[in-house]
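1. Next one to model:
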Amino acid sequence: MTADPFELIVEDDPDPGHVRELVAGLVAYNRSQVDRDRPEPLGVFLRVHGQILGGAEGHTHWRWLYVKHLWVDDTVRRQGTGRQVMTLMEEAARRRGCRAAWLDTFSFQALGFYQRLGYRSFGELTEYPPGHTRHFLWKPLDQIH
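-> Predicted coordinates for the structure are as follows:
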């Protein structure tokens, strides 16, 4: 701890240089605590005549799959395509040595869908956004469901 007085500043539009310094400090600390491992991007896309009608994207990191986005167009929804996309994401993650997967979804999106795929809740934010809930889910991948 420094003996010099310090100041705390609130910035409504943070200076990009300040943000870079903040992130660099956090990254340096994290690297001192855990093995250095870079997230590896992963995506599965559903195409019909060259047009993307759905898919998922995320990354694998520290033996976990994170599914950031999943979307299936209304024209192919409720035909098992979302399940197929997620199955391919999980299979690819297993090949990369992942033991589990996690994701988040809103109450107006696909909570029941993910639960039917074996995902279990580990947290939620109520009233985020107002009138809805953000759900955080995970699933072990070392067992096939």
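2. Residues contacting the helix or strand where residue 114 lies, please?
-> Secondary-structure assignment from DSSP states H and E places residue 114 in helix 111-116. Contact with helix 111-116 is made by 82, 103, 105, 135, 137, as judged by C-beta atoms under 8 Å, 6 or more residues apart in numbering. Glycine gets a C-beta too; all of them are placed from N, C-alpha and C.
3. Turn those into CSV, columns for distance to residue 124, pLDDT and neighbour count.
-> Formatted as CSV, the contacts of helix 111-116 follow (distance: C-beta to C-beta, whole Å; pLDDT from 0 to 100; neighbours: other C-beta atoms under 10 Å):
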residue, distance to residue 124, pLDDT, neighbour count
82, 21, 96, 22
103, 13, 98, 22
105, 10, 98, 20
135, 5, 98, 21
137, 9, 98, 22
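4. Is it correct that residue 61 is in contact with residue 35?
-> No: here residue 61 lies out of contact with residue 35, judged by C-beta atoms under 8 Å, at a distance of 11.0 Å.
5. These two: who's more crowded?
-> For residue 61 and residue 35, the more surrounded residue by other C-beta atoms under 10 Å is residue 61, and the numbers stand at 14 against 6.
6. Ramachandran coordinates for the closest residue to that one other than its chain neighbours?
-> Closest residue to residue 61 apart from its sequence neighbours, by C-beta to C-beta, 6 or more residues apart in numbering: residue 39 at 4.1 Å. Backbone torsions of residue 39, given as degrees, to the nearest 10, read phi -60, psi 140.
7. Okay then, goodbye and thanks.
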